[in-house]
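Next come a sequence and a model predicted from it.
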Amino acid sequence: MSTFGRFSVAMVTPFHADGSVDYESAARLAKHLVDNGCDAILVSGTTGEAPATHLDEKAQLLQTVRRAIGPDIKLIAGVSSNDTAHTVAMVRSAAQDGADGLLVTAPYYNRPSQDGIVAHFQAVHEESDLPILVYDIPGRTGVHIAPETMDRLARLERVKGVKDATGNVSAGIQAMRRTGLEWYSGDDALNFFFLAGGASGVISVVGHVEGKRISALLDAVAAGDLARARELDAALEPSNRAIMGAGQGATYAKQAVYALGLIESPRPRLPLVEPSEAEIVDIRQALVSQGLLQK
């Protein structure tokens, strides 16, 4: 088994209609994800609207999800911030609240130098014994983790893997081979290609609704049945497009699990807003066409 599981979902954070965190829905959703194939769950990632939730809420979410999924499912805590001191505080809390690992981006908005990125990860490394998953997503952070920087991070004892959302499969596979780190696809549309190249697993958003097909894709690649894997990848394309195509995975995934009756309300927190009525219709139609929702 890999350090961070094989199939993780970056789980949405459910809110009540009044904007408070809906922990009951979070527990119900986490159980659903595990029942449909997940062996790991990421809490307080981008899809979980982590920039809009607070430290006490993040702590209670981790505790809630841990109780819901039990001790055998990997629980990864997102601890990303553009303030290293804040990140370290989240690391300290996550270590106390049941996390098995930490997901850490390069600090966003600040656009630190490559040396600054390394220093940020070193601070996380010094704070906790938990394994660290480097999240490379330059489209959101505004900074790319350079190959030489990734090599430096790989030398830190507790840096064990990378969630790759760069969109560059070739460079990711080269870095995986060079560093020996576990590699995880962070882009549902590229899951098949990363897995075929030797990645350890996926951290998915579309897995909120497509757990069974994604699990089957992982099984097919592991068995060397690439023909079957290609069929499954093609079958997943409508869901990938419906959930991720507009770049609003957090709000679209939340609408999808709301349509399936898994959460009480699809409300996000500002600055995110709900999709338009037309977009919601498209999401529901995609779920129907995929056999995931009855008309």
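That came in fine, so what should we check first?

what comes into contact with stretch 114-133?
Contacts of stretch 114-133 from elsewhere in the structure, counted by CB atoms under 8 Å, 6 or more residues apart in numbering, are 3-4, 76, 79, 84, 87-88, 91-92, 94-95, 99-104, 106-107, 110, 112, 134, 143, 145-146, 148-149, 152-153, 156-163, 184. Where you see a C-beta, it was placed from the backbone N, CA and C, and this is true even at glycine.

That should have said stretch 274-283, apologies.
Stretch 274-283 has contacts (CB under 8 Å, 6+ apart) with 242-243, 246, 248, 251-252, 255-256, 259, 266-268.

And the strands in the stretch 51-200 of the chain, which stretches?
Remark: strands assigned in the stretch 51-200 of the chain by DSSP state E, counting those that start in this stretch are 74-78, 101-105, 132-136, 159-164, 182-185.

what pairs with the first one, and is each one parallel or antiparallel?
Right, strand 74-78. Pairing partners of strand 74-78, with direction, according to DSSP bridges: strand 40-43 (parallel), strand 101-105 (parallel).

and stretch 54-72, what's its mean pLDDT?
Mean pLDDT, computed over stretch 54-72, is 97.

What residues sit buried inside it?
Across stretch 54-72, burial judged by 16 or more other CB atoms under 10 Å covers 57-62, 64-66, 68-69.

Turn the residues you listed into JSON lines, columns for distance to A229.
As requested, the buried residues of stretch 54-72 are exported to JSON lines (distance: CB to CB, whole Å):
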{"residue": "E57", "distance to A229": "38"}
{"residue": "K58", "distance to A229": "35"}
{"residue": "A59", "distance to A229": "39"}
{"residue": "Q60", "distance to A229": "38"}
{"residue": "L61", "distance to A229": "33"}
{"residue": "L62", "distance to A229": "33"}
{"residue": "T64", "distance to A229": "34"}
{"residue": "V65", "distance to A229": "30"}
{"residue": "R66", "distance to A229": "32"}
{"residue": "A68", "distance to A229": "31"}
{"residue": "I69", "distance to A229": "27"}
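
In CSV, list the C-alpha atoms belonging to stretch 105-113.
Presented in CSV, the C-alpha positions along stretch 105-113 are these (Å, rounded to 0.1, in the frame of the first residue of the first chain):
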residue,chain,number,x,y,z
THR,A,105,1.2,23.5,-1.7
ALA,A,106,3.8,26.1,-2.4
PRO,A,107,2.7,29.3,-0.7
TYR,A,108,0.3,31.0,-3.1
TYR,A,109,0.0,34.7,-4.0
ASN,A,110,3.3,35.6,-2.3
ARG,A,111,5.2,34.0,-5.2
PRO,A,112,8.3,33.1,-3.1
SER,A,113,11.6,32.1,-4.7
